[in-house]
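> Sequence and predicted structure below; questions after.
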Amino acid sequence: GDGPALHADALLAAVRAPLSAGLADDGRLTLGVSASVHSAEGLRGALEEARHARRVAAARPGRVCTAGHHELASHVLLLPFVPDDVRRAFTARLLDPLREYDRRHRAELIPTLEAFLDCDGSWTRCAARLHLHVNTLRYRVGRIEQLTGRDLARLEDKLDFFLALRMS
């Protein structure tokens, strides 16, 4: 008949090939999800969006990786396509002086930098998050700038640090 089992078999047959196409030789599954569409005219664009999202997912570590359409309008889309050697050189140039200082002095410059950027450069919010006096935070940020030759008041330098932290 025309029962639920027949519909389930048809559904399984319909999704088997696309799911198999998502499995790489190493047994990984990568999925890309587009924004929803409400008409047949939007399907072609949604499929292309899902394909781009799948490429982002494929660049991530893990056996099952996903990416959604919301990530395509973000740095998340670009970072997986930066060659590994370029990533390493960029992050090393910016973050190694801070890591070395943290290691030698048992300091917290990397976590301070992360918090400062997460707080959008707000001295008071960052100091509160880190449970520090604002002057202590200013000292740490000054040390970060001194060690790297960067200025965290400049958007370009903030962006470089943000990307280096995301790539590391």
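Nice, thanks for sending it over. Numbering: from 1, shown residues only.

> how about low-confidence regions in this structure?
Scanning the chain for pLDDT under 70 picks out the ranges 1-25, 73-74, 76-77.

> the domain parsing of it - what is it?
The chain breaks down into these domains under automatic domain parsing: 4-80, 82-167.

> mind checking the longest helix of this structure?
Of all the elements of type helix in the chain, the one with the most residues (DSSP state H) is helix 84-105.

> Counting neighbours, show which residues of that one come out buried.
Of the residues in helix 84-105, those with enough neighbours to count as buried (16 or more other CB atoms under 10 Å) are 87, 90, 91, 94, 95, 97, 98, 101, 102. Where you see a C-beta, it was placed from the backbone N, CA and C, and this is true even at glycine.

> Off-centre distance for it?
Centre-to-centre, helix 84-105 and its host chain are 18 Å apart (CA atoms, centre = their mean, to the nearest Å).

> hmm, who's touching that helix?
79, 82, 107-110, 113, 143-144, 147-148, 150, 160-161, 163-165, 167-168 (CB atoms under 8 Å, 6 or more residues apart in numbering).

> Looks to me like residue 26 is in a strand.
No. Using DSSP: H, G, I helix; E, B strand; the rest coil, the assignment for residue 26 is coil, not a strand.

> Count the neighbours of it for me.
Look at residue 26: counted by other CB atoms under 10 Å, it has 6 neighbours.

> before we move on, back to that, right, so the domains of the chain: which one is the most enclosed?
Highest mean neighbour count among those (mean count of other CB atoms under 10 Å): domain 82-167, with a mean of 15.

> Can you check the distance spanned by that domain, start to finish?
From the first residue to the last, domain 82-167 extends over 9 Å; the measure is CA to CA, to the nearest Å.

> again, but for stretch 29-37
End-to-end for stretch 29-37, by CA to CA: 24 Å.

> cool, and stretch 38-49?
End-to-end distance of stretch 38-49: 15 Å, with CA to CA as the criterion.

> before we move on, what about stretch 59-69?
Taking CA to CA as the measure, stretch 59-69 stretches 15 Å from start to finish.

> So which residues make contact with it?
The set of residues that contact stretch 59-69 without belonging to it, under CB under 8 Å, 6+ apart, is 27-35, 49-50, 53-54, 56-58, 76, 80-81.

> Would you map the strands across this structure?
Assigned by DSSP state E, the strands in the chain fall at 29-33, 64-68.
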